[in-house]
Each structure stands twice: as C-alpha cells, then as structure tokens.
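Q: Pasting the sequence and the predicted model now:
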Amino acid sequence: MNYRVLFIISFLILAMGLSGLFFMFPDENQSAPAQNQTAGEHPVAKRQTAVLLAQTTRSVPQGALLQAGDYAFNELSVDSDDPRLKFDLKPLFENTDNYSLQGYLVKQPLQAGSFLSANLLLSPQHPDYLFSSLDPKREVPYRIYIKYADRYIFDSLKNGAVVSISSQQAMNGQNRTERNTLIRLIDNAVVLQTKIYTQDEQLLDKDRNIFGYVTVKLDVEQMKKFYSLPKDAHLIVLPNNEPPQGATNHRGIYVRKLRGQ
C-alpha cells in the first residue's frame, strides 16, 4: 500500500471525526437550555371551585323525609377534578339563600357520613313527591286550609315538620250558652307540603278568607276523626316537636319498589 492510499484513508478518518464533533456539540448546547427550563418550571395550580356539601349525621332509611338533624352542610373550595364535585348542592338553591333539605324524600337507605346529592333526593316540589311519600294502601294526603287570621303558622312550618291538629268548634255550655272548645284530633301528623296563596289567589277565594293551605299525611284511622266534625269546625295546625309514632315505618313507595310490590 503506497503513501497516497494511506493519506486518503487518514484524511477520511479525520473528516469523519470532525463531522461527528460538529453534530454533537449543537445538540448539547440545545439540550442544556431545555434542561434549565424544565428545572425552573413550577406545577400549574389547579382551578378551585366552591361547593356546598351535605353529609348525613346518622343512618336514614329509604323513603324517609329528612329532618334538620339528619344532615349537616359544609361549604368549601375543592380542585376542579375533585370527585366531591358531583355532590355539590348549590344548583338546588340557585333561587334562594335558605339552605335547607328538611322534608326532602330519601330515595335509598343512607349510612351516617354519606354525601347527599340531587339524584338521591326528591324535593317537595317534584310531581311524584306526594305519591312517593305515602303508602297508598293505608295513607292519604289531607289538605287543611289556613285562614288569614292563622297565617302565623307558616312562619315556623316546613315540609317534613310534625304538627298537631285540633278542632275549634262551638259547644253548648251551662244555661244553654255556646262556647268555643278546642278538641285535639291528631298529635303527630307529618307535613308534606305548604302553600301560601298569591294575592290573586287570595282574591279568588276571598269569601272564605283563605291565606294558604297545609298538606299532611294521615292514615285511615286518623281520617275518620275528620268526617265526624261539624261543618263549622275550624281546624288549627300547631307545631309539635315530638316525632310521629312509627315514623321510621312510613317510607312511601320506594320501599315497596325495593320489595317488588
């Protein structure tokens, strides 16, 4: 092999080495800023969302009407991907500042500490609420009209509340004089709905001077007491803090669905 061939081979080797160095250094220079940029980046903060959550404070049976002590509210901010977002109850109270679930019907049994959601509850304004709150074999809704003079009852009455019902009626006393007597009819009726008439509705019913009405849940035996009342009897509804007897058994149609009836 002559010197010319060796020179050409050496030149090729040198050229390949230089070209390798030429392509290697720019990559290192480009990767260095990228590494520095990555090291200087901070985690992107997740968007916070304000939610209104409600958890049960004790076990609640299916078909029960919620009472104030059955749940507790909690307002807090959570991340945009927090699973608790699906339990946000703010959409239920878009048009009111009064956060209350009293009287809402529970669609399924709940353990203490369970989160409440709109899908688990039936509001008193829902078309199926009355029917779902009753056992049609033994319970009926009974509407009691409230006169203007008794309108104070609406100040302390909510759906799901327990009330007593009395009848004020005239009875003959001594010397054949009439006197008004208050007779207790029902001790613990559950309120299903309340309605205060608008001004237009009051004008339509001005002859009776009706301010609104209260719908309660009664069984057959309780209903019999109302059929024996005189026509001029005046029904009076008053709050009762005592829980209704057998309240845990009044679970409405959802229990019957569970049993396949």
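A: Structure's in. What do you need?

Q: quick one: low-confidence parts of the stretch 51-200 of the chain?
A: 171-179 (pLDDT under 70).

Q: Please repeat the previous calculation with a cut-off of 80.
A: 95-98, 170-180 (pLDDT under 80).

Q: So which elements touch the longest strand along the chain?
A: When the chain is parsed with DSSP state E, its longest strand is strand 178-196. Helices and strands touching strand 178-196, by 3 or more C-beta pairs under 8 Å, 6 or more residues apart in numbering; DSSP states H and E, are helix 129-133, strand 162-172, strand 210-219, helix 220-227. Backbone N, C-alpha and C define where each C-beta goes, glycine included.

Q: switch to 6 Å and redo it
A: strand 162-172, strand 210-219 (3 or more C-beta pairs under 6 Å, 6 or more residues apart in numbering; DSSP states H and E).

Q: Check these for me and report the most buried one.
A: Stretch with highest mean neighbour count among the helices and strands packed on strand 178-196: strand 210-219 (a mean of 20; mean count of other C-beta atoms under 10 Å).

Q: And the contacts of that strand?
A: With C-beta atoms under 6 Å, 6 or more residues apart in numbering as the test, strand 210-219 has contacts from 138-146, 148, 151, 189-197, 237.

Q: Paired strands for that strand, with orientation please.
A: According to DSSP bridges, strand 210-219 forms sheet pairs with strand 139-147 (antiparallel), strand 178-196 (antiparallel).

Q: Redo those strands as TSV? Include distance to Gln169 and mean neighbour count.
A: Shown next, in TSV, are the strands paired with strand 210-219 (distance: least, C-beta to C-beta, whole Å; neighbours: other C-beta atoms under 10 Å):
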stretch	distance to Gln169	mean neighbour count
strand 139-147	15	16
strand 178-196	6	16
